[in-house]
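Student: Need coordinates for the below:
(chains A and B)
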Amino acid sequence: MAKGRFVLIFPPSLVEEPVTYHLVKDYGILINILRARITPKEEGRLVIEMSGNLEPAIKYLETQGVKVEPIAREILLDEELCIHCGACAGVCFPKALTIDTETWELKFNREKCTLCEFCLKACPVGAISSKF
Amino acid sequence: MPKTFTEINEKISKRKAVVLTAEEVIQMAEEEGISKVAEKVDVVTTGTFGPMCSSGAFLNFGHTDPPIKMSEVWLNDVPAYGALAAVDAYIGATAISKTRGTNYGGAHVIEDMVRGKKIKLVAISNGTDCYPRKYVETYITLDNLNQAYLYNPRNAYQNYSAATNSSSKTIFTYMGILLPNFSNVTYCSAGQLSPLINDPCLRTIGIGTKLFLGGGIGYIAWEGTQYNTKRERTERGVPIGPGATLALIGDLKKMSSDYLRACVMYRYGVSLFVGIGIPIPILDEEMAYFVSIKDSEIYTDILDYSVESLSRPSYGRVNYQQLRSGSIELHGKKVQTASLSSYKKAREIAQILKSWIMTGHFTLVEPVERLPIEREFKQLQIIQEGSEN
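Tutor: Got it, this is the predicted structure:
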């Protein structure tokens, strides 16, 4: 079973189509929506994690007119610069960034990161950046 | 039997002093009781590492030939205060760069100096008969300065209020990013490791106290600004919210960027993380009792930073054990908490200070004078010209 993170870009005409429903129902894809910005009559963007048989699913999306971009972007934590204060953990709701209550060190669980980038602003010492 | 500073220092010199950190002593007090702590322990070390805006450094650049009486000074484009004698200046932590804005400020200049980097110095003057030069542009390093000492008018706050946001929009504060509708709470104290919480009545900490400052040695110069003794206290004597503060001084040349770090609070500005550790002599059972305080016994109020007033409403009182757990309950809802000061670094500082004392490198200094027992924190009144009051 393949797994990946993608940005799905919907043209305005497709915004009101239940595309994710078809992904789940017809293609058996497990989806986890990380971020969504969909406004009627405008282009929609969906950041999504998909697992399952991805090839036919992506083909389906593309034939519908959805642009599928795999995410190569990731959040980088510079261990040298980090002072383990926890300011980033306070704005990280998926709990990807947490302070270990034994060592009081910052822990970063990439799997949970939804790339909201709040931590970039919250980090007072510029130890967090994002990479494309 | 009560102990004196002199007796403790004799033990330190002979490397026989028993030193614990403020965390370690909690366990001992729980297992063996306060009397045993008073009997066995000589010194308890504390630590804190948090953003402390009221920080800065006095610098003396030395004279050029011909000399200049610097009136306006910039270090890496950050303005320093030059209205002192000819080549003295004060670089404040929160000053911001005229070219890079809040991305670089006085705190960054201080950190870069400590890292041994070259700093661009620009200064202007009107020129006088005795100081004819009107402009200087050169590079300095910390090593080349005659004097460079940190002088921080307000550090080591004895407790601090926690922060939240009741409004419907995200706010950006010196307490970090506060998300709308009480979505998070931030706090800033080392709690049970914090220096002034372990000697809440400042019995042993006073003017002249020698301490760990920014990785080097520092001293208490004076009461800190906004020193406040009027805050409500718990039965253990610890103020609930901001209380006493310290003005600290120390040789910047001996400090390290591990314990002196510039920071940028998003959409607020520049500040400086300062590492401070104060040794507390266990003179008697009362001091043993004070240092055995734990996070669950230290309280603070959660203030609403979206209220644009000095008297922000409180949304509840919590202890540091609750804050440190990662979430607290606010209005029946689970809310994420985050610290702005580094507990890991606070712990490191207490351990370093402990090792300095245990190896006989650091002895205690008895205060030459006590800090104020009574001090009110006054507000600035807006008074119109010609008014009666």
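
Student: rest of the way, CA atoms for contacts and neighbours
Tutor: Fine.

Student: got the contact list for the helix or strand hosting B:I357?
Tutor: B:I357 belongs to helix B:343-358 when assigned by DSSP states H and E. Counting contacts by C-alpha atoms under 8 Å, 6 or more residues apart in numbering or on different chains, the residues outside helix B:343-358 that touch it are A:83-85, A:103-105, B:12, B:15-22, B:44-49, B:190, B:193-194, B:212, B:275-279, B:362-363.

Student: The residue of chain B found nearest chain A - how many residues pack around it?
Tutor: Chain A sits closest to B:S342 of chain B, with a gap of 3.9 Å, by C-alpha to the nearest C-alpha. Around B:S342 there are 26 other residues, counting by other C-alpha atoms under 10 Å in any protein chain shown.

Student: ok, it touching B:G50?
Tutor: Yes: B:S342 is within contact range of B:G50, at 6.4 Å (criterion: C-alpha atoms under 8 Å).

Student: Give me the distance from stretch B:365-374 to the chain's centre.
Tutor: From the chain centre to the centre of stretch B:365-374 is a distance of 18 Å (C-alpha atoms, centre = their mean, to the nearest Å).

Student: Correction: the previous question concerned stretch B:33-43.
Tutor: That offset, for stretch B:33-43, works out to 28 Å (C-alpha atoms, centre = their mean).

Student: in chain A, which ranges drop under the pLDDT threshold?
Tutor: A:1, A:40, A:132 (pLDDT under 70).

Student: how about the residues of it that lie near chain B?
Tutor: A:83-91, A:101, A:103-105, A:121-126 (C-alpha under 8 Å from any C-alpha of the partner chain).

Student: could you flag which of those are buried?
Tutor: Buried subset of the residues of chain A next to chain B (neighbour count, 16 or more other C-alpha atoms under 10 Å in any protein chain shown): A:83-91, A:104-105, A:121-126.

Student: Among the residues of chain A next to chain B, which ones are in helices?
Tutor: Under the assignment DSSP state H, the residues of chain A next to chain B contribute A:121-122 to helices.

Student: Please enumerate the helices of the chain.
Tutor: Since you didn't name a chain, this refers to chain A. A:19-25, A:54-64, A:118-122.

Student: could you do chain B instead?
Tutor: Going by DSSP H, chain B shows helices at B:5-13, B:24-32, B:34-40, B:106-114, B:195-198, B:285-291, B:320-324, B:343-358.

Student: Tell me where the stretch 251-389 of chain B has strands.
Tutor: Listed in chain order, the strands found in the stretch 251-389 of chain B under DSSP state E, counting those that start in this stretch are B:260-265, B:269-277, B:279-281, B:299-304, B:314-319, B:327-330, B:333-339.

Student: out of those strands, nearest to B:M28?
Tutor: Nearest to B:M28, of all the strands of the stretch 251-389 of chain B, is strand B:279-281, at 16.0 Å by C-alpha to C-alpha.

Student: measure the residue located most distally from the centre of chain B to B:M1 for me?
Tutor: When distances are taken from the C-alpha mean of chain B, B:D129 lies farthest, 42.4 Å away, according to C-alpha atoms, centre = their mean. Distance, B:D129 to B:M1, by C-alpha to C-alpha, to the nearest Å: 66 Å.

Student: what does A:N109 give?
Tutor: From A:N109 to B:M1 the distance is 52 Å (C-alpha to C-alpha).

Student: Please apply the same query to B:P66.
Tutor: B:P66 is 64 Å from B:M1, where distance means C-alpha to C-alpha.

Student: Enumerate every residue touching B:G56.
Tutor: Counting by C-alpha under 8 Å, 6+ apart, B:G56 has contacts B:90-93, B:106-107, B:110, B:150-152.

Student: count of residues packed around B:I373?
Tutor: By the criterion of other C-alpha under 10 Å, B:I373 has 12 neighbours.

Student: One more: the one 4 residues further on?
Tutor: The burial metric for B:F377, expressed as a neighbour count using other C-alpha under 10 Å, is 13.

Student: quick one: it and B:G224 touch, right?
Tutor: No: between B:F377 and B:G224 there is no contact under C-alpha under 8 Å: 11.3 Å.

Student: related to what we said a few turns ago, A:N109 and B:M1 - which one has more neighbours?
Tutor: Higher neighbour count among A:N109 and B:M1: A:N109, with 12 against 8, using other C-alpha under 10 Å.

Student: what's the closest non-adjacent residue to the more buried one?
Tutor: A:A96 (4.7 Å; C-alpha to C-alpha, 6 or more residues apart in numbering or on different chains).

Student: which phi and psi does that neighbour have?
Tutor: Phi and psi for A:A96, reported as degrees, to the nearest 10, are phi -80, psi -40.

Student: who are the neighbours in contact with it?
Tutor: With C-alpha under 8 Å, 6+ apart, A:A96 has these contacts: A:89, A:107-113.

Student: Please consider this matter closed, and thank you.
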